[in-house]
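J.: Compute the structure for the input listed below.
(chains A and B)
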Amino acid sequence: MTSPAPLVVGFVAATVLALTAACLLGSTPMGVERVLAALIGSGDAGDRLVVWEIRFPRALAAFLAGSALGASGAALQGLLRNPLAEPGVLGVSATASLAATFFLYYGFVSVAAWGLPVAAIAGALAATALIAFAAVHTRSIITLILIGIGIASFAGAAMSLLMNLAPHPYALSDMINWMLGSVANRSLDDIALAAPFLLCGLVVLYGTRRGLAALTLGEEAAAGVGLNLPRQRLATVLGAGLSTGASVALAGAIGFVGIVAPHIVRPLVAHDPARSLVPSALLAGLLLVLADIGVRLIQSEQELRLGVVAALVGAPVFVWIAVRRQAARD
Amino acid sequence: MTELIATGLTLRVGRATLVDGVSFCLRPGELVALLGPNGAGKSSLLRASLGLQKRSGGTATLGGRDSERLNPVTRARLVSYLPQIRSIAWPNVVRDVVALGRFSHGAAIGTLREADRAAVERALDACDLLHLANRRCDTLSGGELARLHCARAFAAEAPLLLADEPVGGLDPFHQFRVMDITRAFVGRGGGALVVLHDVALAARYAHRLLWMKDGRIVAHGTPDQTLTAERLAAIYGVRACVDGLRVALEGAA
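T.: Just a heads-up that it's a prediction; the model follows:
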């Protein structure tokens, strides 16, 4: 009844549909048969180019970035035992995008392309480790979220400083992309660069799932039932840092999807942090693919950024969860 | 036979000495009550003897092995631990929370093996929770929650149990019920060390009493031997009238 299997199958099917739908959209109108033919590798060479070089990478990037954020959100919520924990809220995404921008700004990318995801991951790991370290010393989740907000504000301020000092408008537009989050113009090469880190992070997080369930009892009792607490903390920080960092390297900082997806999934898996991990990742990926389709459907002079749309939907949900939690406690 | 044996156990945090050279043992088949005022170091003693908090001196062994060097899974199979802070982060159903007690046996909720499932049902039955097994734990009363935590601890089916104030905040009826459940566990061959604040309750249920103050064990023995009005005055600073195992507290000394 509460097995995640039907949920996983459903989300995978919906994702395949959404990815296909995303390939149908674009400035060149192409029919379903032409897109499907191009997707399976036959059909017109021009069609294949459009689908495989432009449309599919963009949709896949949205899915991968989303799934990393969904899994990180679900894992951090399990570790900190709070539904409001999420890479965006805790300042992890902002720090990652700051590190990536810094790397770009000083032109290190010309030295090594893989340095970009590495820089983003280093930023994400630093922020996640700081939060997890603080979590050992404080029992109050409010304090943790405040620390996260502090980290996010600092990263935002440093980002503004970099923008302030931006040498030319192109650099500025690059930075805005990092800050707001977008998957426009992503290529399969960009994905190939970030995906290994992202998948490593997801594998590490998947390995921590039983420990996340044990943490439901609180840290002391979880250690009592046999959880290796230091290892659990380290693995969650590492997994969330790797996948969030890679997600930021791919799509910039996209907030709140890591809160929304686990929040929808949790009641469907009997509130078990272990079983919510995979469906949360899939749903978050699906949500970003859909949001990106939305971004492309809305006609506007300047294309809307994916991260902006995600925040417009996600931030009210964040507030709603926070208010409801407060009401439940009183 | 799995025993918990502490010798000269000492725990210092910063400049404070929380546990000061404490020796005690816990064997299967006995119920030991740990008594003492707030801040006496009872919880710290439990954590240090389990190896969950790094001790500053002395030894503590579980089944003959240093408790600090045991890996968490092995430790959990030897002793169940019920800490004082008993929160449940998510609104899980009762049966799933009890199943978390099977962590050390490799169980994952939702895909329990037959042995794990049977242990969970036995624990639910022992704590009279079968009729509540599918209830969400955020809808339980205080007494039901206390039994839920006991069931979670018993589900591991470890030979020993260390429980930190398992009856804290419960009405007299539920205090008796939790103590009955604990005594039944001891009757099945388990060994339980229980932190209590109700001296009369401890005297009624425990085979032995450990009296703790300022980080030290100041007296140790059966209720007949160690429960006196003078002891209560020395340990808690209260005036009391003691008649056999009956205790009437009369006020602050």
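J.: pLDDT weak spots in the stretch 201-330 of chain A?
T.: Applying pLDDT under 70 to the stretch 201-330 of chain A flags residues A:326-330.
J.: Which parts of it are helices?
T.: A:209-214, A:219-224, A:229-251, A:257-265, A:273-297, A:306-329 (DSSP state H, counting those that start in this stretch).
J.: now the third one against helix A:257-265, angle please.
T.: Between helix A:229-251 and helix A:257-265, the angle comes out at 110 degrees (axes from the mean of the first three to the mean of the last three CA atoms, to 10 degrees).
J.: Now find how far off-centre helix A:229-251 is within its chain.
T.: 11 Å (CA atoms, centre = their mean, to the nearest Å).
J.: picking up where we left off before, the helices of the stretch 201-330 of chain A: which one's closest to B:P28?
T.: When these are compared by CB to CB, helix A:219-224 sits nearest B:P28, at 18.6 Å. Backbone N, C-alpha and C define where each C-beta goes, glycine included.
J.: Who are the packing partners of that closest one?
T.: In terms of contacts (3 or more CB pairs under 8 Å, 6 or more residues apart in numbering or on different chains; DSSP states H and E), helix A:219-224 is packed against helix A:229-251, strand B:79-82.
J.: same thing but 7 Å
T.: With contacts defined as 3 or more CB pairs under 7 Å, 6 or more residues apart in numbering or on different chains; DSSP states H and E, helix A:219-224 has these neighbours: helix A:229-251.
J.: So which other helices or strands are in contact with the helix it packs on?
T.: helix A:56-80, helix A:92-105, helix A:115-137, helix A:188-207, helix A:219-224.
J.: Now render those helices as CSV, adding mean neighbour count and distance to B:P159.
T.: Formatted as CSV, the helices and strands packed on helix A:229-251 follow (neighbours: other CB atoms under 10 Å in any protein chain shown; distance: least, CB to CB, whole Å):
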stretch, mean neighbour count, distance to B:P159
helix A:56-80, 29, 30
helix A:92-105, 27, 43
helix A:115-137, 22, 31
helix A:188-207, 18, 30
helix A:219-224, 24, 15
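J.: Can you redo these as JSON lines, where the extra columns are distance to B:G36?
T.: Formatted as JSON lines, those follow (distance: least, CB to CB, whole Å):
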{"stretch": "helix A:56-80", "distance to B:G36": "33"}
{"stretch": "helix A:92-105", "distance to B:G36": "44"}
{"stretch": "helix A:115-137", "distance to B:G36": "27"}
{"stretch": "helix A:188-207", "distance to B:G36": "42"}
{"stretch": "helix A:219-224", "distance to B:G36": "20"}
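J.: and B:Q175, which of these is closest to it?
T.: helix A:219-224 (20.9 Å).
J.: got the contact list for that closest one?
T.: Residues outside helix A:219-224 that contact it (CB atoms under 7 Å, 6 or more residues apart in numbering or on different chains) are A:A214, A:L215, A:L229, B:L52, B:P72, B:A76, B:Y81, B:P83, B:I85, B:R86.
J.: mind saving the C-alpha coords of that helix as PDB?
T.: Below are the C-alpha coordinates for helix A:219-224, written out as PDB (Å, rounded to 0.1, in the frame of the first residue of the first chain):
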ATOM      1  CA  GLU A 219      20.000  11.400  16.900                       C
ATOM      2  CA  GLU A 220      20.500   9.800  20.300                       C
ATOM      3  CA  ALA A 221      17.900   7.100  19.800                       C
ATOM      4  CA  ALA A 222      19.100   6.500  16.200                       C
ATOM      5  CA  ALA A 223      22.600   5.900  17.500                       C
ATOM      6  CA  GLY A 224      21.000   3.600  20.100                       C
END
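J.: Spatially, what comes nearest to the residue positioned nearest the centre of chain B if we skip its sequence neighbours?
T.: Taking CA atoms, centre = their mean as the criterion, B:A163 is the residue nearest the geometric centre of chain B, at 1.4 Å. In space, and not counting its chain neighbours, B:A163 is closest to B:L82: 4.1 Å by CB to CB, 6 or more residues apart in numbering or on different chains.
J.: My read is that that neighbour contacts B:P166, right?
T.: Yes. Assessed by CB atoms under 7 Å, B:L82 is found in contact with B:P166 at 5.8 Å.
J.: Could you report the neighbour count for B:A252?
T.: 8 (other CB atoms under 10 Å in any protein chain shown).
J.: got a list of what it touches?
T.: B:A252 sits next to B:G237, B:V238 when contact means CB under 7 Å, 6+ apart.
J.: partners of it in the sheet?
T.: According to DSSP bridges, the partner residues bridging B:A252 are B:V238.
J.: Please identify the residues of chain B in proximity to chain A?
T.: Residues of chain B lying near chain A by CB under 7 Å from any CB of the partner chain: B:52, B:72-73, B:75-76, B:81, B:83, B:85-93, B:96, B:100-101, B:103-104, B:108-110, B:156.
J.: and these, which are buried?
T.: Among these, those scoring as buried are B:52, B:72, B:75-76, B:81, B:83, B:86, B:88-90, B:92-93, B:96, B:100-101, B:103-104, B:108-110, B:156 (criterion: 16 or more other CB atoms under 10 Å in any protein chain shown).
J.: Okay, and which of these map to strands?
T.: Counting by DSSP state E, the part of those found in strands is B:Y81.
J.: Residues of chain A that sit close to chain B?
T.: Residues of chain A lying near chain B by CB under 7 Å from any CB: A:2-3, A:81, A:210, A:213-214, A:216-218, A:220-221, A:223-228, A:270-272, A:274-275.
J.: pLDDT score for A:M163?
T.: pLDDT, the model's per-residue confidence, is 84 for A:M163.
J.: List the contacts of the spatially closest residue to it that is not a sequence neighbour.
T.: Distances taken as CB to CB, 6+ apart put A:M175 closest to A:M163, at 5.3 Å, once the chain neighbours are dropped. Counting by CB under 7 Å, 6+ apart, A:M175 makes contact with A:T101, A:M159, A:L162, A:M163, A:A166.
J.: What residues of the one helix or strand A:M175 maps to count as buried?
T.: In this assignment (DSSP states H and E), A:M175 forms part of helix A:169-180. Neighbour-count burial for helix A:169-180 flags A:A171, A:D174, A:M175, A:I176, A:N177, A:W178, A:M179, A:L180 (criterion: 16+ other CB under 10 Å).
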